[in-house]
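A.B. asks: Sequence below, structure please.
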Amino acid sequence: STGSAAGTAAASVGNSSNTTVSSQSNNDLWTVLADNIRTLLAGTRAVTQSIDERAARLDAEKAERAERVSQAEAASKAGAGAASLFTAAFASQPVGDGKYDVAVNPVAGTVSVLGTAKQQELVQQYLDRVMQSAQRQVLIEATIVEVSLKDQYRAGIDWSKALQGTTGWAINTLGGGTNALAGKLSPFIQATYTNSGSNGFAAAIDLLESFGKTKVLSSPKLMALNNQTALLKVVDNLVYFSVKADTTTTANVGTTTTFTTTPQTVPVGIVMTMTPQINQNGMVSLTVRPTISRNVGFVRDPNPSIPSNIPNQVPVIQVREMESLLQVQSGQTVVLGGLIQDDSNNARDGIPGLSRPEGLGAVFGQHERMNSQTELVIFLRPIVVSSPTLESDELRQFQRLLPSSARSSP
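C.D. replies: Here you go, the predicted structure:
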């Protein structure tokens, strides 16, 4: 990318607050490619020339300097100032700046380079490296699990205990996060599983069963090119309406109120962006940002122009989100955890009229207060794909999903 810019602006009036975040990224592969080739040609122009070419270049520079000296002498006889004489005689004027050494045609997909044989060879090597890097792909397998924690593990999953007696795991603390509901400190945890077998997710999820009931929210698989962002979005668009009331008063008619409703949608579910960067050794640097949202209730629109007999409910959305930069070898499993939320539920049952008073309520009614904690755990496994076909070693396992007539013979 050629660069990125981001800005944040916030404004507050009374007890309301608005925040706007904008970002922009410009990517022009052909411009960057041409600039890099010109830099390569300029840096290697002197060292890649033969003896005869260097001699010819020196002769051309001497002839140019002699011509400039003669021009300076002519300017002196014409009465030019000292500054003009110095500029004419000694100012740096290279024979060629390389501006026209590279011709790029994005439509045809061609690059033409004017240079020596050695420079042509260096440019070819550079283009081969660029193409090899740009064509690298990675298969990202992800599983998002929600764990309803048992009472003794309400502080979160004890990963050191979970992985006790197992092999191939390494644990790192990524930083500190805050529980949005309870304000408790819950550090983000990264665990790396070095076993590249296909049962890595199943074995890891089995470890979580001892801490509570597990529920798999999503288990996607997607391909991404090197340095290109992949987006996973599994959501339900929750619809609500904004209501506008216009009241007009007309003589002999009275007051008339007209209501205008505008549908609004808010996505509820799972949104995850992943940007891989793959080096030539199979190491993957993965920028991942999962966002989990859900509807936890409704509140009434406080617009005073809406009559009380027309309730307009606005959804309350709870969001859990994290962002991390990971470095993992191809085939390893990375586990992200530490996002904990608290849920409270108060229920009252009893005989109407008798379960409310103090003292009698305990006899004629039942008050149940339930508090629960859930932790979000994300499993990621990037696999570098050498050839994006189902015949490759990395993707052969997906042939079983095809009809028998479309499968390749072993």
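A.B. asks: From now on I want contacts and neighbour counts done on CA atoms only, so please keep to that.
C.D. replies: Will do.
A.B. asks: Pretty sure Thr31 sits in a strand.
C.D. replies: No. Looking at Thr31 with DSSP: H, G, I helix; E, B strand; the rest coil, it is helix, so not inside a strand.
A.B. asks: I'd like to know how many residues surround it.
C.D. replies: When neighbours are counted by other CA atoms under 10 Å, Thr31 registers 12.
A.B. asks: repeat for Val104
C.D. replies: The burial count for Val104: 15, using other CA under 10 Å.
A.B. asks: The strand ranked longest in the chain: what's the following helix or strand?
C.D. replies: Selection of the longest strand in the chain by residue count, based on DSSP state E, yields strand 254-278. Proceeding C-terminally, strand 254-278 gives way to strand 283-300 as the next helix or strand, assigned by DSSP states H and E.
A.B. asks: in that following strand, what's buried?
C.D. replies: Across strand 283-300, burial judged by 16 or more other CA atoms under 10 Å covers Met283, Val284, Ser285, Leu286, Thr287, Val288, Arg289, Pro290, Thr291, Ile292, Ser293, Arg294.
A.B. asks: So what pairs up with the second one in the strands?
C.D. replies: According to DSSP bridges, the partner residues bridging Val284 are Ile278, Val328.
A.B. asks: from what I can see it touches Met274, true?
C.D. replies: No. With contact defined as CA atoms under 8 Å, Val284 does not count as touching Met274 (11.6 Å).
A.B. asks: Break this protein down into its structural domains.
C.D. replies: Following automatic domain parsing, one finds the domains of the chain at 30-134, 138-232+275-296+316-406.
A.B. asks: I'd like to know which of those has the weakest mean confidence.
C.D. replies: Per-stretch averages of pLDDT across the domains of the chain put domain 138-232+275-296+316-406 at the bottom, with a mean of 70.
A.B. asks: What ranges does the protein have for its helices?
C.D. replies: Counting by DSSP state H, residue ranges of the helices within the chain are 29-44, 51-77, 82-90, 117-134, 159-162, 200-208, 361-364.
A.B. asks: can I assume Ser285 is in contact with Val334?
C.D. replies: No. In this structure, Ser285 is not within contact of Val334 by CA under 8 Å, at 11.8 Å.
A.B. asks: what sits in contact with each of these two?
C.D. replies: Counting by CA atoms under 8 Å, 6 or more residues apart in numbering, the residues touching both Ser285 and Val334 are Val328.
A.B. asks: Kindly tell me how buried the nearest residue to Asn295 once chain neighbours are set aside is, as a neighbour count.
C.D. replies: Taking CA to CA, 6 or more residues apart in numbering as the measure, Asn295 lies nearest to Ile317, with 4.7 Å between them; neighbours along the chain are not counted. Using other CA under 10 Å, Ile317 has 15 neighbouring residues.
A.B. asks: Please apply the same query to Gln318.
C.D. replies: Using other CA under 10 Å, the number of residues around Gln318 comes to 15.
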